[in-house]
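Engineer: Here is a sequence with its predicted model. Questions after.
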Amino acid sequence: MTKPMVFITRRIPEEGLAIIAQSCEVDLWPGELPPPREVILQRSKGVEGILSLLTDKIDAEVMDAAGSRLKVISNYAVGIDNIALAEATKRGIPVGNTPGVLTETTADFAFCMLMSAARRIAEGDRYVRSGRWKTWGPKLLLGQDIYEATLGIIGFGRIGRAVARRAQGFNMRVLYYDPMSAIDDEEAGIGAISTDLDTLLREADFISIHTPLTEATYHMIDNQAFSNMKSTAVLINTARGGVVDPDALYHALSEGRIASAALDVTDPEPISPDNPLLELDNLIITPHIGSASVATRNKMARMAAENLIAGLKGEKLPNCVNPEVYI
């Protein structure tokens, strides 16, 4: 019996690849960088399944290239803003993602970024390595206290709530803004308070972004948003780079309108080496590694593989973002 052909846009951990190789003929893009657009179009021709990364745009043109044989798209990520979901749904193609598994890992990282920016850890490391550390000083690299500060969380899904739970250990007051959230704060035991965005921006000492990138959230954090923040505020973004206007962020940081920021995601991504943001000492940037633990990335690979195999068999995906295709 002929195995179904699938295209995998990048090498994922072996645990997932092994599952797929047992049941499929695999066309794997071997490069470290994402495949060029023309490669995606060429290698999607006639395949029954595509396993993509968040760097790969899977739109109507790619689906057309694959043709009527395409049965499933499995995204190795929680977010699916790289996939034309409405187009896939219209064609009856289920789309899978990897939710839940990276919640705690990403929340750990977000809080790590918060603490690093608050206490200027990256600046301190650079200070020492550059040979500038001559003595202890009472005003050397003063940062912001975390204990009993106010944390504002934009987007109160799984990861946002996990960050709020971590804040309890620091006795923080937690505000959140999420018009889509239906959480019962008392029942959940988190102690977070729902509020509007302006109030959150105005009162929070730390602002952590955990909202998906949509038309409504694109450049949500703009010049006006920064104007509403405290001059001592610290901004953390581990969600999607496009939620923050990079030009507005540069001006806010360089003009001292906020104290500092920490980004695991940028707009565009990756950030150009000559981007002026990289000249700022009060900014930490990491290369989108919020979920980058060995255990989490292995689990993501397994989940993405299981979504792919289920779709090829005509079974319901374990994690499907457009379940209406089964109605």
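Structural biologist: Okay, I see it.

Engineer: For the rest of this, base every contact and every neighbour count on C-alpha atoms.
Structural biologist: Noted.

Engineer: Mind jotting down where the helices sit in the stretch 201-327 of the chain?
Structural biologist: 223-228, 246-254, 294-312 (DSSP state H, counting those that start in this stretch).

Engineer: whoops, I mixed them up, the stretch 1-150 of the chain
Structural biologist: For the stretch 1-150 of the chain, the helices defined by DSSP H, counting those that start in this stretch occupy 14-23, 37-43, 60-66, 85-90, 103-118, 121-129.

Engineer: Could you report the neighbour count for Lys3?
Structural biologist: Per other Cα atoms under 10 Å, the neighbour tally for Lys3 reads 11.

Engineer: For Gly314, see how far away it is.
Structural biologist: Lys3 sits 14 Å away from Gly314 when distances are taken as Cα to Cα, to the nearest Å.

Engineer: just Glu61 next, same as before
Structural biologist: Computed as Cα to Cα, the Glu61 to Gly314 distance reads 23 Å.

Engineer: Where does the prediction get shaky in the stretch 51-200 of the chain?
Structural biologist: Along the stretch 51-200 of the chain, segments meeting pLDDT under 70 span 181-189.

Engineer: Which positions within stretch 8-28 qualify as buried?
Structural biologist: Within stretch 8-28, the residues that count as buried by 16 or more other Cα atoms under 10 Å are 8-10, 12, 16-17, 19-20, 24, 26-28.

Engineer: wait, stretch 262-275
Structural biologist: Buried residues in stretch 262-275 (16+ other Cα under 10 Å): 262-267.

Engineer: repeat for stretch 33-50
Structural biologist: Buried residues in stretch 33-50, counted by 16+ other Cα under 10 Å: 34-35, 40-41, 43-50.

Engineer: cool, stretch 272-285 as well?
Structural biologist: Buried-residue list, stretch 272-285, by 16+ other Cα under 10 Å: 277, 282-285.

Engineer: Then stretch 124-139?
Structural biologist: Buried-residue list, stretch 124-139, by 16+ other Cα under 10 Å: Gly124.

Engineer: Next: stretch 317-327.
Structural biologist: 317-323, 325.

Engineer: Any idea which residue is closest to the centre of this protein?
Structural biologist: With distances taken as Cα atoms, centre = their mean, the residue of the chain nearest its centroid is Ala239 (3.6 Å).

Engineer: how many neighbours does the closest residue to that residue other than its chain neighbours have?
Structural biologist: Counting by Cα to Cα, 6 or more residues apart in numbering, Ala239 lies nearest to His210, which is 5.0 Å off, once chain neighbours are set aside. Using other Cα under 10 Å, the number of residues around His210 comes to 26.

Engineer: quick one, what contacts Tyr218?
Structural biologist: With contact set as Cα atoms under 8 Å, 6 or more residues apart in numbering, Tyr218 has these partners: 242-244.

Engineer: quick revisit: make CSV out of the buried residues of stretch 272-285 and add pLDDT and distance to Gly100.
Structural biologist: Formatted as CSV, the buried residues of stretch 272-285 follow (pLDDT from 0 to 100; distance: Cα to Cα, whole Å):
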residue, pLDDT, distance to Gly100
Leu277, 98, 32
Asn282, 97, 32
Leu283, 98, 29
Ile284, 98, 26
Ile285, 98, 25
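
Engineer: residues contacting the residue nearest to Ala239?
Structural biologist: By Cα under 8 Å, 6+ apart, the contact list for His210 reads 153-157, 159-160, 237-239.

Engineer: Phi, psi for Gly313 please.
Structural biologist: Careful, residue 313 is Lys and not Gly. The phi/psi pair for Lys313 (degrees, to the nearest 10) reads phi -80, psi 0.

Engineer: And the pLDDT at it?
Structural biologist: Here, the pLDDT recorded for Lys313 equals 97.

Engineer: separation between Ser194 and Val174?
Structural biologist: From Ser194 over to Val174 the distance is 9 Å, taken as Cα to Cα.

Engineer: With neighbour numbers in mind, choose between those two.
Structural biologist: Just comparing Ser194 and Val174: by other Cα under 10 Å the higher neighbour count belongs to Val174, 25 against 20.

Engineer: CA-only coordinates of the host helix or strand of the more buried one, as PDB, when you get a sec.
Structural biologist: For Val174, the host element (DSSP states H and E) is strand 173-177. Extracted C-alpha coordinates of strand 173-177, given in PDB (Å, rounded to 0.1, in the frame of the first residue of the first chain):
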ATOM      1  CA  ARG A 173      -1.500  42.800  42.300                       C
ATOM      2  CA  VAL A 174      -2.600  41.400  39.000                       C
ATOM      3  CA  LEU A 175      -4.800  43.200  36.500                       C
ATOM      4  CA  TYR A 176      -5.800  41.700  33.100                       C
ATOM      5  CA  TYR A 177      -7.400  42.900  29.900                       C
END
